[in-house]
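> okay, sequence plus prediction incoming.
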Amino acid sequence: MVQHPLPDSLISMDEAMNYWQNVSASVDGMLGGFPSVSRIDLQGSRSFLAKLGIGKPRISRALEGGAGIGKITKGLLLDVAETVDIIEPVAKFTAGLVDTPGVSQIHNIGLQEWQPQGIQYDLIWTQWCAGQIPDVLLIQYLVRCASALAPLGIIIVKENLSTSGEDTYDEVDSSVTRTDEGFRAIFEKAGLVVIRAELQNGFPKTLLPVKIDRANTHNHELLEAGAFSSYRVKAITKRKDEVISWWNSGSRPAQILARLRSDGDLDVKQVTKDDLNNLLRRHRREELRGRTPVEWLYDKLKEDNSFFFRDSRDSQGHISRLFIAPKTDQPVQHAAI
């Protein structure tokens, strides 16, 4: 039996880059000769964001992966976000975005090369470019996206779908059109949870005829999958007061997780131990407010007039050693951190 290579293995990012380097920096070039699709596309995307509660008021910061000439950034993202950062490997496409108000950082690199810079995004949008990189690199990119999300931030992926039952390779631009099942497997491997998905309506059935003919697909059908790992963050954040109360009363993370999952709240059933630990770490950082743990203890006990204190400090003025004595005849208690 002849074994055919997986479509994913046929992707050549060098060939894809060469293809796009020879495409004009225009809406017509970006959409393969179907510029009329742009308006319908933006309307569908705006409606999708509205269903997720994004639009009014504006979010702080968004990131667009594979931005091209900035059609989505200028036509959608700058309307819903104060600031937009951009990933786009073809420098000529982003030349017209340099002085655009609201556009901040422009990274002329591929999705596979992008690394978070410590910025937290409320929205990360990736459209019509995921097919240019293999599964493993796409998974790694999505993992990095999740790590760069602000609390309650979301990831949107909008891509062509293959309905032939299998992923299909297009040698014209060295890309793969994935199935819905293929995308969902990728999302799962990246540790993401899909909370909403829709098909884009209104596109002409003659869209991308080369891909339709060669792959026997309906490429006018698009997947929008949003808010993955941040869905779990949102679920546990709404229970933060309870969680912190249990934690302060001595409950361990495993016990807290068991209590959350036992009360019938469907939203928290997907919450993991890592999600819980991240919440507790954020709470601890908020509590410390730049202090060391021993300084936090000092400030906490200082409010109680029942103790005497003596401390040692390092060269930076931080407490390195703290002696605590109750205002009684009891033995001195000693804590060193």
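That came through, no problem.

> could you measure S249 against R284, distance?
Going from S249 to R284 by C-beta to C-beta, to the nearest Å gives 16 Å. The C-beta positions use only the backbone N, C-alpha and C, and glycine is treated the same way.

> in terms of neighbours, single out the busier of these two.
For the pair S249 and R284, the greater number of neighbours falls to R284 (12 against 7), based on other C-beta atoms under 10 Å.

> sticking with that one, tell me its helix or strand.
Mapping R284 onto the secondary structure by DSSP states H and E places it in helix 273-288.

> give me the contacts around that helix.
Contacting residues not belonging to helix 273-288 are listed as 151, 232-233, 236-237, 240, 243-244, 247, 253-254, 256-257, 260, 296 [C-beta atoms under 8 Å, 6 or more residues apart in numbering].

> in strands, which of those residues appear?
Mapping the contacts of helix 273-288 onto strands (DSSP state E) picks out P151.

> what's the farthest-apart pair in the contacts of helix 273-288?
Considering C-beta to C-beta, no two members of the contacts of helix 273-288 lie farther apart than R232 and W296, which are separated by 28.3 Å.

> and the two? Which one has more around it.
Between R232 and W296, R232 has the larger neighbour count (other C-beta under 10 Å), namely 24 against 16.

> what's the burial count for G96?
G96 sits with 12 neighbouring residues when counted by other C-beta under 10 Å.

> if I look at it, how far off is K273?
As it turns out, when the distance is counted by C-beta to C-beta, G96 lies 47 Å from K273.

> per-domain residue ranges of this structure.
As given by automatic domain parsing, the domain ranges for the chain are 7-233, 238-288, 293-336.

> now find how far off-centre stretch 13-21 is within its chain.
Taking C-alpha atoms, centre = their mean, to the nearest Å, one finds stretch 13-21 lying 26 Å from the centre of the chain it belongs to.

> please enumerate residues in contact with it?
For stretch 13-21, the external contacting residues (C-beta under 8 Å, 6+ apart) are P89, V90, K92, F93, G110, Q112, Q132, I133, V172, D173, S174, S175.

> OK, contacts around the closest residue to the third one other than its chain neighbours?
In space, not counting the residues next to it along the chain, K92 is nearest to A25; the distance is 5.3 Å by C-beta to C-beta, 6 or more residues apart in numbering. Taking C-beta under 8 Å, 6+ apart as the definition of contact, the neighbours of A25 are I69, K92, F93, A95, G96.

> most neighbours among those, which one?
Result: F93 is most packed of those (other C-beta under 10 Å), 25 neighbours.

> does it count as helix, strand or coil?
Following DSSP: H, G, I helix; E, B strand; the rest coil, we place F93 in the helix state.

> that one contacts E64, correct?
No. Judged on C-beta atoms under 8 Å, F93 makes no contact with E64 at a distance of 11.8 Å.

> got any residues that touch both of these two?
Counting by C-beta under 8 Å, 6+ apart, the residues touching both F93 and E64 are G70.

> for S47, helix, strand, or coil?
When states are read from three-state DSSP, the local structure at S47 comes out as helix.

> quick check: it vs E198, distance?
In this structure, S47 and E198 are 9 Å apart, going by C-beta to C-beta.

> nothing else from me, thank you.
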